[in-house]
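**Q** predicted model, plus sequence, below.
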Amino acid sequence: MSGHSKWATIKRKKAATDAARGKLFTKYIREITLAARAGGSDSEANPRLRSAVSAAKAINMPASNIDRAIKRGAGEIEGAAYEETVYEGYGPGGVAILVEVATDNRNRTGGEIRSLFTKNGGALAEAGSVSYLFKPRGIIHVEKKSTVEDALLDAALEAGADDVISDSEDYFEVVTAPGKLEAVRAALQAGKFTVIHAEVAKVSSQLVPVDSKHAEAVLRLVDALEEHDDVQKVWSNFNISDEVLAKLSR
């Protein structure tokens, strides 16, 4: 499991404040809206929407917010017209970074993303520069303390998962093809496994080791990008040791 995945888990644990939850709500509302616009308002026939709604419910987003976002995406009510785009760049230590954005003003957002890279020791790159390093994968985190690993492995593989990874102290990571994420998650929940988090992630097989000299700068850039109002997701291929991550997360 990459340092990025571990850092994302630490960030989710810290997202319990009202301000952080408000930002998270905004990002999920945009994702639900975009998913409904792209694939329709029927979550049973729209895997992206189904995944977005499940994620929103997992952070206790009110049903009324979810319903409005779906209707806005389906064109049943008015709302801002968001455009999806991806920015690519490099961070300190040569790590690759993908930034997924939903914006109603592409020129403004592009300038601001470039500025964040520059101010934090990185550089925006041309399209295609780093995206080839990343592959979409379904990722499901299952609580470790209440789970028997062999039972989870059997259930996950039977449901169509590709692998189960046990690097974390807190959870098992179940890896699936993107199109099988929801089916595997549903099967695990039906089997009484505790699913903490599930998403389609951009995963790189070419990880870049980052030493303590560059680690803080890399995480500062990732955090700055994630804090931008128009940024939906940030993916990177940095690999920072558990010891360094633990120090930086205090």
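**A** Received, thanks.
**Q** can you give me how far the lengthiest helix in the chain is from the chain middle?
**A** Identified as the longest helix of the chain according to DSSP state H is helix 18-39. Averaging C-alpha positions (CA atoms, centre = their mean, to the nearest Å) puts helix 18-39 12 Å from its chain's average.
**Q** show residues contacting it.
**A** 14-15, 45-49, 51-53, 55-56, 59, 61, 65-66, 69-75, 79, 82, 84, 102, 227, 229, 231-232 (CB atoms under 8 Å, 6 or more residues apart in numbering). All C-beta spots, glycine's among them, are computed from the backbone N, C-alpha and C.
**Q** what's in contact with the helix or strand following that helix?
**A** Heading C-terminal from helix 18-39, the first helix or strand you meet, by DSSP states H and E, is helix 47-58. By CB under 8 Å, 6+ apart, the surrounding residues in contact with helix 47-58 are 25, 28-29, 31-32, 35-36, 38-44, 65-66, 70, 179, 181-182, 185, 197-200.
**Q** just the CA atoms of helix 47-58, as CSV, please.
**A** Provided in CSV are the C-alpha atoms of helix 47-58 (Å, rounded to 0.1, in the frame of the first residue of the first chain):
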residue,chain,number,x,y,z
PRO,A,47,-22.5,2.5,-11.0
ARG,A,48,-20.7,5.9,-10.6
LEU,A,49,-23.7,7.4,-9.0
ARG,A,50,-24.3,4.4,-6.8
SER,A,51,-20.7,4.6,-5.5
ALA,A,52,-21.0,8.4,-4.9
VAL,A,53,-24.2,8.0,-3.0
SER,A,54,-22.8,5.2,-0.9
ALA,A,55,-19.8,7.3,0.0
ALA,A,56,-22.0,10.3,0.9
LYS,A,57,-24.1,8.2,3.1
ALA,A,58,-21.0,6.8,4.8
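**Q** the helix or strand following that helix - contacts with which helices or strands?
**A** Counting by DSSP H and E, the next helix or strand C-terminal to helix 47-58 is helix 63-73. With contacts taken as 3 or more CB pairs under 8 Å, 6 or more residues apart in numbering; DSSP states H and E, helix 63-73 sits against helix 18-39, helix 47-58.
**Q** got the angle for the first one vs helix 47-58?
**A** Which is helix 18-39. Orientation check (axes from the mean of the first three to the mean of the last three CA atoms, to 10 degrees): helix 18-39 against helix 47-58 gives 160 degrees.
**Q** relative to helix 63-73, how tilted is helix 18-39?
**A** For helix 18-39 against helix 63-73, the angle between stretch directions is 40 degrees (the same axes, to 10 degrees).
**Q** likewise the last one?
**A** Taking the same axes, to 10 degrees, one finds that helix 47-58 is oriented at 160 degrees with respect to helix 63-73.
**Q** from the chain's centre, how far out does helix 47-58 sit?
**A** Between the centre of helix 47-58 and the centre of its chain there are 12 Å (CA atoms, centre = their mean).
**Q** got the buried residues for it?
**A** For helix 47-58, burial by neighbour count (16 or more other CB atoms under 10 Å) applies to P47, R48, L49, R50, S51, A52, V53, S54, A55, A56.
**Q** then stretch 200-215?
**A** Judged by neighbour count using 16+ other CB under 10 Å, the buried positions of stretch 200-215 are V200, A201, K202, V203, S204, L207, V208, V210, H214, A215.
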